[in-house]
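**Q** Attaching a predicted model along with its sequence, questions to come.
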Amino acid sequence: MLSYHSHPMDPAGPIRIDVPTPSRTYSVTIGDGVLDGVGRVLDDLGTPERRFIVSSPLVWRLHGPQLARAVTAAEPILVPDGERFKQLATVARIYDALVRFNADRAATLVTFGGGVIGDMAGFAAATYLRGIALVHVPTTLLAQVDSAIGGKVGVNHPLGKNLIGSFYQPHAVVIDPLVLGTLPRREFRAGLYEVIKYGMTSSAALFDCVARERKAIFARSSLALTPIIADSCRIKAAVVSADEREAGPRRILNFGHTAGHAIESVTKYRRFRHGEAVGYGMLVAADLARARGALAEGDRQALADVISSLGPLPPITDLSSAQIREAMQHDKKMVAGRLHFVLPTAIGATTIVDDVTEQEIGAALKRVGFAK
Ligand SMILES: NC(=O)c1ccc[n+]([C@@H]2O[C@H](COP(=O)([O-])OP(=O)(O)OC[C@H]3O[C@@H](n4cnc5c(N)ncnc54)[C@H](O)[C@@H]3O)[C@@H](O)[C@H]2O)c1
Ligand SMILES: [Zn+2]
């Protein structure tokens, strides 16, 4: 079971969340300025002495000096971090650098960047010498609330996203909300849709907090950000602990992702940030649930309101619902030819169904705004 220790009385102290999984138990440390203590976290863990940092040129320019003061490491291994660089060729550059440094099993790899860096460098750590110690220091909101926890690592194949990868849990995750100060607003919002997802699936309190604290959250106030990051991490940690390899409970975190992935795929991953597509995906799932009588109209409206309060999503009126439906048929979440759909039943509660019809999906897509 999930256990965590938080210090609500001591806003200066970091929050620690333990993530017990069958393969490893690790801790997530969250707090202002914890970046300065990464070296200490590594020492306390007893992770191997030789430390290598993998980052991107941009993240390193913005925040590298701070991390470099905190961790004694070799020259950082800098690789590009756009989605189109999330491929084996970039992982090969990480291997090349590790070989050149003569990195052996007594090495720790620290990832320092968004989800792309974490997934790629995590995959390198999982496979170099059949696995070296891995610590994630995520720098985007999406990576802090989602990709750094749970052990999914990997890269894209030219024919599909995340087709190559593995499950490899980190030894620790260190989250400093202060690094989000430099994140472009669009990237920041993209992460917030995932926070809303956690609220919808698992916590009405978190959902209400995002709605209520929106202004402070957008101002990147760590007083407002730290609790929503921590709650998101707790939810992901609990789900991952119960289901490391996504056989059962972990599937609820796919809420909004069935239509979301389809929207990303028909627009070739160019128009939407992942979180934005998930924003639409959640609206589709909620509309479908309401049409079935599984979700109250007031709850559907509350979701639509909080999503629109974050700002406009990229337009969809030129995308046909038939196209999206077709793309949904290729979803990885098809089990024995049936599409498993996560439907909300209230704010903070979901159900998984496998009897959603094409007609229902088509109607929901149109009501959300997709073309005929
Ligand atoms: N492993 C998982 O469980 C999991 C879960 C969700 C998403 N993902 C993956 O995560 C990736 C998306 O991650 P992302 O949204 O973090 O994108 P990203 O890593 O591409 O980062 C987005 C942009 O933000 C910049 N950036 C990062 N930190 C910054 C900072 N502090 N200040 C300013 N700029 C900064 C990056 O340079 C990049 O340009 C996708 O490839 C997705 O598949 C993985
Ligand atoms: Zn997602």
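**A** In hand now; what should we look at? Ligands and ions are numbered 1, 2, ... in the order given.
**Q** isn't F167 right up against G131?
**A** No. Between F167 and G131 there is no contact under CB atoms under 8 Å: 11.5 Å. Using the backbone N, CA and C atoms, a C-beta is placed for each residue, glycine as well.
**Q** what about these two, which has more around it?
**A** Shown here are F167 and G131; by other CB atoms under 10 Å, F167 has more neighbours (16 against 12).
**Q** partners of the more buried one in the sheet?
**A** Using DSSP bridges, the bridge partners assigned to F167 are K152.
**Q** contacting residues for it?
**A** Shown in contact with F167 (CB atoms under 8 Å, 6 or more residues apart in numbering): S23, G151, K152, V153, E244, R245.
**Q** Which pLDDT does the model give it?
**A** Looking at F167, its pLDDT is 96.
**Q** Equivalent analysis for the one 3 residues further on, please.
**A** Note on P170: pLDDT of 97.
**Q** Need the phi and psi values for it.
**A** Backbone torsions of P170, given as degrees, to the nearest 10, read phi -70, psi 170.
**Q** so it makes contact with G151?
**A** Yes. If you go by CB under 8 Å, P170 and G151 touch, sitting 7.1 Å apart.
**Q** out of the two, which sits in the busier spot?
**A** The neighbour comparison of P170 against G151 (other CB under 10 Å) goes to P170, with 28 against 21.
**Q** Tell me where the stretch 151-300 of the chain has strands.
**A** Secondary structure of the stretch 151-300 of the chain, counting by DSSP state E, counting those that start in this stretch: strands at 152-157, 160-167, 172-175.
**Q** Quickly compare these and say which is most buried.
**A** Among the strands of the stretch 151-300 of the chain, strand 172-175 has the highest mean neighbour count (mean count of other CB atoms under 10 Å), at a mean of 26.
**Q** Give the other helices and strands that that one contacts.
**A** Contact partners of strand 172-175 among helices and strands, from 3 or more CB pairs under 8 Å, 6 or more residues apart in numbering; DSSP states H and E: strand 25-30, helix 38-45, strand 133-138, helix 222-242.
**Q** Run the chain-centre distance for it.
**A** Put simply, strand 172-175 sits 14 Å off its chain's centre (CA atoms, centre = their mean, to the nearest Å).
**Q** and if you look at stretch 134-142?
**A** Computed by CA atoms, centre = their mean, the chain-centroid distance of stretch 134-142 equals 9 Å.
**Q** distance between the ends of it?
**A** Distance between the two ends of stretch 134-142: 19 Å, counting by CA to CA, to the nearest Å.
**Q** Secondary structure element holding I94?
**A** Of the helices and strands defined by DSSP states H and E, I94 is found in helix 88-100.
**Q** Name the residues that touch that helix?
**A** The contact list for helix 88-100 (CB under 8 Å, 6+ apart) reads 52, 54, 77, 79-80, 107, 109, 120-121, 123-124, 127-128, 155, 164.
**Q** got the angle for it vs strand 152-157?
**A** Counting by axes from the mean of the first three to the mean of the last three CA atoms, to 10 degrees, helix 88-100 points 120 degrees away from the direction of strand 152-157.
**Q** Are the helix or strand just after helix 88-100 and ligand 1 in contact anywhere?
**A** Toward the C-terminal end, the helix or strand that comes next after helix 88-100 (DSSP H and E) is strand 107-113. Yes. With CB under 6 Å from any ligand atom as the criterion, ligand 1 is reached by strand 107-113 at G113.
**Q** Tell me how far strand 107-113 lies from the chain's centre.
**A** Centre-to-centre, strand 107-113 and its host chain are 18 Å apart (CA atoms, centre = their mean).
**Q** same check, this time on stretch 294-312
**A** Stretch 294-312 sits 21 Å away from the centroid of its parent chain (CA atoms, centre = their mean).
**Q** can you pull the contacts of H330?
**A** Shown in contact with H330 (CB under 8 Å, 6+ apart): S265.
**Q** Doesn't it belong to a strand?
**A** No. Counting by DSSP: H, G, I helix; E, B strand; the rest coil, H330 is located in no strand; its state is coil.
**Q** who in the stretch 51-200 of the chain is up against ligand 1?
**A** 56, 58-59, 62, 81, 83, 86, 113-117, 119, 139-140, 142-143, 146-147, 150, 152, 162, 179, 182-183, 187, 190.
**Q** Which entries within those meet the buried criterion?
**A** 56, 58-59, 62, 81, 83, 86, 113-117, 119, 139-140, 142-143, 146-147, 150, 152, 179, 183, 187, 190 (16 or more other CB atoms under 10 Å).
**Q** From the residues you listed, which land in helices?
**A** Residues of those located in helices (DSSP state H): L58, V59, L62, G115, V116, I117, D119, L142, E187, A190.
**Q** hang on, V240 packs against S147?
**A** No. The criterion here is CB under 8 Å, and V240 misses it with S147 at 11.8 Å.
**Q** Distance of G348 relative to ligand 1?
**A** As judged by CB to the nearest ligand atom, to the nearest Å, G348 and ligand 1 stand 21 Å apart.
**Q** just I132 next, same as before
**A** For I132, the distance to ligand 1 equals 18 Å [CB to the nearest ligand atom].
**Q** what do you get for L98?
**A** Using CB to the nearest ligand atom, L98 is found at 21 Å from ligand 1.
**Q** which residues does the residue in the stretch 251-372 of the chain that ligand 1 sits nearest to contact?
**A** Nearest to ligand 1 in the stretch 251-372 of the chain, going by CB to the nearest ligand atom, is H274, at a distance of 5.8 Å. When contacts are counted by CB under 8 Å, 6+ apart, H274 touches L142, A190, G260, E264.
**Q** Fine by me, we can end here.
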